[in-house]
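# quick one, what's the 3D model for this:
(one chain, ligands or ions: 1)
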Amino acid sequence: MSDVLLEIEDLDVRYGDARALWDVALRVDTGETVCVVGPNGAGKSTLVNAIAGIHRARGGRISMGGTDITALPGHKVCAHHIAVVPEGRRIFPRMTVLDNLMLGAYRAGARRAHRATLGTVHEMFPRLAERASQLAGNLSGGEQQMLAIGRALMAQPKLLLLDEPSLGLAPVRVDEVYDAIEQIVATGVGVLVVEQDVERALAIADRAYLLGEGRVVASGPAAELRDSAEVRRSVLGL
Ligand code: ATP
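A predicted model of the protein is given here:
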């Protein structure tokens, strides 16, 4: 039986009076890759930010491992084993690569285990070990994305949220990012990835959701969604 990690029901998020998400239902299980695709402005980043506690939901329920986290602010959401790789990476350019990674381990349990986790992150991304004492701002775009993922892994998440991980990267770097995502999922972590690169996300995901104007307009196995008329029309432009 699948082990439900994240469950969202009837989610309603607004900016002032403008509804950005409504009636959104979504689930991510342990060791599952779920992608959310949709045209610009569909609400993908809003969804990630609502789960991460950055935007407060107006209605509905977000639960993680069976615990209601709907009303929790961001700094409390991480205690529920959720880590975020934000859009644009948001690394700290004037801090070293190692110090950026250590920021991810600020939850007490993660801090105690940081040596072992750091070893795992360095094994996955050897460049981050080679460049540990360099300023993060001197890394290439692809390396910065690795750093953002490594920093999130330092929190020892059970659920990893990735917002547009391929944005601005050369195709070969995107391959590396997606290889890393597959390795992370193989360790049992659930992954929710929001992507502009729809084909790429659908290719690695188990299940997918198509957002359109703030609502889920289609969902199902990623392979089925790839062939659906809605996805082909609204996000693939076919
Ligand atoms: P993109 O791919 O362009 O990033 P998206 O699918 O991530 O798009 P969101 O950024 O979540 O979409 O935006 C969803 C809707 O909410 C859009 O209509 C957007 O204009 C609106 N919106 C986003 N952020 C704000 C904000 N801070 N204030 C007001 N409206 C916002």
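# which residues touch the helix or strand bottoming out on mean pLDDT in the chain?
Counting by mean pLDDT, DSSP states H and E, the chain has its least confident helix or strand at helix 229-234, which shows a mean of 73. By C-beta atoms under 8 Å, 6 or more residues apart in numbering, the residues outside helix 229-234 that reach it are 37-39, 198, 202, 210, 212, 217-218, 225, 238. Placement of C-beta: from N, CA and C, glycine included.
# stretch 182-198 too?
Stretch 182-198 is contacted by residues 5-6, 28-37, 44-45, 47-48, 51, 124, 149, 153, 157-167, 174, 181, 201, 204-205, 231, 235-236 when judged by C-beta under 8 Å, 6+ apart.
# now, these that are in strands?
Mapping these onto strands (DSSP state E) picks out 5-6, 28-29, 33-37, 159-163.
# how about the residues of this structure near the ligand?
By C-beta under 6 Å from any ligand atom, the residues of the chain that approach the ligand are 15, 18, 20, 38, 40-46.
# which among those residues count as buried?
Among the residues of the chain next to the ligand, those classed as buried by 16 or more other C-beta atoms under 10 Å are 20, 38, 42-46.
# enumerate every residue touching D163.
Shown in contact with D163 (C-beta under 8 Å, 6+ apart): 44-45, 48, 84-87, 194.
# if we use 10 Å, what do you get?
By C-beta atoms under 10 Å, 6 or more residues apart in numbering, the residues touching D163 are 36, 44-45, 47-49, 52, 84-90, 148, 192-195.
# then R200?
35, 165-166, 171, 174-175, 177-178, 193.
# tell me the strands in the chain, going along the chain?
Counting by DSSP E, the chain has strands at residues 4-15, 18-29, 33-37, 59-64, 67-68, 82-85, 159-163, 190-194, 207-212, 215-221.
# quick one: buried residues of the second one?
Right, the one you point to is strand 18-29. 19-22, 24, 26-29.
# so how far is that strand off the chain centroid?
15 Å (C-alpha atoms, centre = their mean, to the nearest Å).
# got it, and the fourth one?
For strand 59-64, the gap between its own C-alpha mean and the chain's C-alpha mean amounts to 17 Å (C-alpha atoms, centre = their mean).
# check the fifth one too.
Its chain's C-alpha centre and that of strand 67-68 lie 19 Å apart, by C-alpha atoms, centre = their mean.
# so K158 sits against M64, correct?
Yes - K158 lies in contact with M64 (C-beta atoms under 10 Å); the separation is 8.0 Å.
# so between these two, which is more surrounded?
Between K158 and M64, M64 has the larger neighbour count (other C-beta atoms under 10 Å), namely 24 against 20.
# quick check: closest non-adjacent residue to that one.
H80 (4.4 Å; C-beta to C-beta, 6 or more residues apart in numbering).
# you'd agree I8 is up against W22?
No - in this structure I8 lies outside contact range of W22 using C-beta under 10 Å: 11.9 Å.
# what do these two both touch?
60, 216.
# one step back: which among the contacts of R200 gets closest to E143?
Taking C-beta to C-beta as the measure, E143 lies nearest V177 of the contacts of R200, at 10.8 Å.
# buried residues, the longest helix seen in the chain. List them.
Ranked by residue count and defined by DSSP state H, the top helix of the chain is helix 171-186. Within helix 171-186, the residues that count as buried by 16+ other C-beta under 10 Å are 173-174, 176-178, 180-181, 184-185.
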